[in-house]
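> coords please:
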Amino acid sequence: MRNGRICAAIATILASATSAALSGQSLGGSWLSEGYGLYFDVSGSTLKAFEVTAVSCLPSFTAERSSEAAAAGEIPFNVVGQAATYVFRAGGASDRRLVHRNGAASDIAIRRVASAPAQCTRPIGDTPVNNFDVFAQTWAEQYGFFDLRKADWRAITARHRSRVNDRTTPRELFQVLTDMIEPFEDAHTRVQAEAIGATWRGVRKNANWLDPADRPGAFEIMEEKYVHGTLRSWCNGQVQYGRLDSGAGYVRIKSFSNFGPQPGFESGSNALEAALDEIFADAASWPGLVIDVRINGGGSDTWGLMIASRLTTSPYLAYAKQARADPDDATRWTAPQPSEVRPSSRPSFHGPVVELTAIHSVSAAETFTQALLKRMPKVTRIGDNTQGVFSDVLTRRLPNGWTFGLPNERFVTDGKTYDGSGIPPDVAVPVFSRADMRARRDGALEKALELLGAHRVSGDALSIADRRH
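Numbers count the residues shown, from 1 in each chain. You can find the predicted model right below:
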């Protein structure tokens, strides 16, 4: 018992030493990120972040060191005015740290520098030309998919810069900026100008695209025709569960955001785990499970990993995440950071799973789908390709206060990415086609029930993965 107390005391001392090594003056000073274009200034308990390009340095956010207990070797900073926390961790060297935003699937590596970048010592004025230049330079340094879009950004910048001068109005400038990026059809791109009441978002559509006003009708068709009873809801209505008439379990995930009773990742995580405990308590009676992310706008990748953990008996690699690393070379990426799916000890299901996907499966709905690619028995995907955007959205500001977003990361599984085209289904079925909507039927769900029924007859856990149309 005495030896146990000694070991515990030594562990406490080591943990305190690790935390101390990261705290106080050792963390104070100037730091630049690897990729992401961020500069951090740490002074005492205050962290100030700046968005940096070759031509600009603009304030991003301010955070204060948290007074709450933290894990050994971690220093959390709470962002002022937001439900966001950035955690500093050891980075393998005295001049290197890892910064983790709660809810993200990876860290941002930062390195100590002697002083702030030169851009941060000279303010940049709010003029139409300066706003254009910051926008264009940020894209040049951070966007990772010019080759995928077959886009010559230098030529695009030169062509549209000729449209901007000191007399350019805000609405004219807004049009110029959106004209530059609209052809990419990238759903992780956006421009927001609150001062003039203007918002623009990129998107890729197909023949069966549903406008937001029509999406509740698609849910209603499914519920009135195929669900036994009614769906139960958790996580502010974003996670729903019921039984299909066949007896199979049905889980609909409408987003991976806004799960908790309070804002923030921790509240949402607790709400999700509690919901999954209730849902998977029924799992022993399921002949199979249908997971529906056909209309899902995304959110936290980590919550997708939490759901995937309820479906496996052994760990496997979900994906490795990388960020664009070189502002001058869009083909260079940071070292991959792997994310694993680890089996959960809480209520789970390890039988046959069918996932329904569509072009409205966006962002975290897609990384969740990617996290199921290597699950065994194989998850069979039915429907349409997902939207084709996986990166977190890198949010940036202009001198005039407008904000814009773009993707600077990629998610890789077995050397493959799915940006642009999206993850394809194993069984292609039109999702929410006009004919199905008129007939008030759900063709993709009917195919899922057919394949699960075939599995139940054959008893072969892999049979539903081997059937093709």
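> Can you report phi and psi for residue 63?
phi -130, psi 150 (degrees, to the nearest 10).
> Report the contact partners of it.
Counting by Cβ atoms under 8 Å, 6 or more residues apart in numbering, residue 63 touches 46-49, 77-80, 86. (Each C-beta comes from the backbone N, C-alpha and C, glycine too.)
> Which pLDDT value belongs to the residue lying closest to residue 173 once chain neighbours are set aside?
Distances taken as Cβ to Cβ, 6 or more residues apart in numbering place residue 128 nearest to residue 173, at 5.3 Å, with adjacent residues excluded. Per-residue pLDDT puts residue 128 at 98.
> hang on, isn't residue 128 packed against residue 160?
No - if you go by Cβ atoms under 8 Å, residue 128 and residue 160 don't touch, sitting 12.0 Å apart.
> Show me the helices in the protein, by range?
2-22, 128-142, 153-161, 170-181, 215-226, 265-280, 301-308, 364-371, 434-439, 443-458, 463-466 (DSSP state H).
> Adding mean neighbour count and distance to residue 290 as columns, could you present those helices in CSV?
CSV is the format used below for these (neighbours: other Cβ atoms under 10 Å; distance: least, Cβ to Cβ, whole Å):
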stretch, mean neighbour count, distance to residue 290
helix 2-22, 11, 45
helix 128-142, 21, 38
helix 153-161, 14, 42
helix 170-181, 18, 36
helix 215-226, 15, 9
helix 265-280, 18, 13
helix 301-308, 24, 14
helix 364-371, 28, 14
helix 434-439, 12, 17
helix 443-458, 19, 5
helix 463-466, 18, 11
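> on that earlier part again, what's the residue nearest to residue 173 in contact with, if anything?
Neighbours of residue 128 in contact, by Cβ under 8 Å, 6+ apart: 164-168, 173.
> Quick check on the residues you listed: which are buried?
Buried by 16 or more other Cβ atoms under 10 Å: 164, 168, 173, out of those.
> re the thing from before, residue 46 versus the residue nearest to residue 173, what's the distance?
34 Å (Cβ to Cβ, to the nearest Å).
> where does the stretch 301-450 of the chain have low pLDDT?
Within the stretch 301-450 of the chain, not a single segment meets pLDDT under 70.
> what's stretch 324-340 in contact with?
Contacts of stretch 324-340 (Cβ under 8 Å, 6+ apart): 34-35, 37, 53-54, 105-107, 109, 140-147, 301, 305, 315-323, 371, 408-410, 412.
> now those: which count as buried?
For the contacts of stretch 324-340, buried by 16+ other Cβ under 10 Å: 34-35, 37, 53, 105-107, 109, 140-146, 301, 305, 318-323, 371, 408-410, 412.
> Can you tell me the closest non-neighbouring residue to residue 178?
Closest to residue 178 by Cβ to Cβ, 6+ apart is residue 200, at 4.6 Å.
> State the distance from residue 296 to residue 357.
Residue 296 is 9 Å from residue 357, where distance means Cβ to Cβ.
> now do residue 126
Per Cβ to Cβ, residue 126 is found 43 Å from residue 357.
> One more: residue 130?
Taken as Cβ to Cβ, the span from residue 130 to residue 357 is 42 Å.
> correct me, but residue 270 touches residue 262?
No - using Cβ under 8 Å, residue 270 is not in contact with residue 262; the gap is 9.8 Å.
> And residue 163, what's its pLDDT?
98.
> how close does it sit to residue 84?
36 Å.
> Keep only those of the contacts of stretch 324-340 that are in strands.
53, 109, 316-323, 409-410, 412 (DSSP state E).
> Give me the neighbour count for residue 293.
For residue 293, the neighbour count with other Cβ atoms under 10 Å is 28.
> Tell me who's in contact with it.
252-253, 355-357, 361, 365, 368-369.
> Of these, which is the nearest to residue 441?
Using Cβ to Cβ, residue 356 is the member of those that lies nearest residue 441, at 14.0 Å.
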